[in-house]
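Enquirer: 3D, please:
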Amino acid sequence: MAQTTPQLVEWEGDFGREYTSRNSLTPDQVDALWLKNFGVSRTALNQEFLGDIPKDARILEVGCNLANQLTLLQRLGYQNLFGIEAQEYALEEARSRVYGLNLIRGTAFDIPYKDNYFDLVFTAGVLIHIAPDNLDQALSEIYRCTRRYIWGAEYFAPLTTEVKYHGHDALLWKADYANEYRSRFSDLELIREQKLPYLGNENVDSMFLLRKTR
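Expert: Below you'll find the model as predicted:
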């Protein structure tokens with residue numbers, strides 16, 4: 001890996017393996033979890049946000065873990081799906097349970113694809129685990145690799161706020177990630193954003209879709 005951080009060390013070790021095992025879900029179970037948390041399925045949100053994206057668009061997920069999100073897109077008919085993941089255990093598990101996806105090792109700090117290679121690049125609960133000091137490089141890499149769209153689903157807070165995560169410090173930050181992108185790249189316009197309050201607690205997620213205007 002071109003760069004390591006204390007967070008990557010945790011995700012590539014036993015802590016990350018435990019996360020992967022804990023989140024070993026089928027696509028139907030992922031949708032059921034979103035229904036429980038937000039009152040709407042992930043598939044329904046995917047359809048709302050990506051309805052205008054052609055099914056042959058080239059799409060990359062950064063931090064795909066077990067490829068649960070990519071599998072949901074595959075079920076919607078998307079054909080050119082790619083994922084990068086830092087944790088080798090998660091990649092091995094993903095490859096054993098899904099087919100037709102392009103999954104390789106990589107991180108948000110050094111995406112192993114050329115400029116503008118994808119029509120859309122997205123994260124789902126990944127930016128929240130990148131320390132604020134390292135966020136600029138990750139967002140710049142995502143921006144570099146997309147020709148058109150950036151899509152995200154992340155914990156939301158108006159201001160960057162660290163949250164203890166499974167008893168650990170320096171592993172999770174809530175923030176306004178749509179604004180983090182737009183504050184760095186003047187040609188990004190916000191196409192859509194939906195705040196998703198959790199039904200069982202006071203947390204809020206944000207799903208957002210950004211588009212390059214030039």
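
Enquirer: rest of the way, CA atoms for contacts and neighbours
Expert: Fine.

Enquirer: Mind naming the longest helix for this structure?
Expert: Of all the segments of type helix in the chain, defined by DSSP state H, the longest one is helix 132-145.

Enquirer: by contact count, what packs against it?
Expert: If you count contacts as 3 or more C-alpha pairs under 8 Å, 6 or more residues apart in numbering; DSSP states H and E, helix 132-145 packs onto strand 118-124.

Enquirer: What are the contacting residues of the strand it packs on?
Expert: 57-64, 69, 142, 145-154 (C-alpha atoms under 8 Å, 6 or more residues apart in numbering).

Enquirer: please redo it, this time with the cut-off set to 10 Å
Expert: 50, 53-54, 56-64, 69, 80-83, 108, 142-155, 207-211 (C-alpha atoms under 10 Å, 6 or more residues apart in numbering).

Enquirer: Let's test this: mean pLDDT of stretch 103-117, rounded?
Expert: Averaged over stretch 103-117, pLDDT sits at 97.

Enquirer: For that stretch, measure first residue to last.
Expert: Here the two ends of stretch 103-117 are set 15 Å apart, with distance taken as C-alpha to C-alpha, to the nearest Å.

Enquirer: Show me how far that stretch is from its chain's centre.
Expert: With C-alpha atoms, centre = their mean, to the nearest Å as the basis, the distance from the averaged C-alpha position of stretch 103-117 to the chain average is 13 Å.

Enquirer: Give me the buried positions along it.
Expert: Within stretch 103-117, the residues that qualify as buried by neighbour count (16 or more other C-alpha atoms under 10 Å) are Leu103, Ile104, Arg105, Gly106, Thr107, Ala108, Phe109, Ile111, Tyr117.
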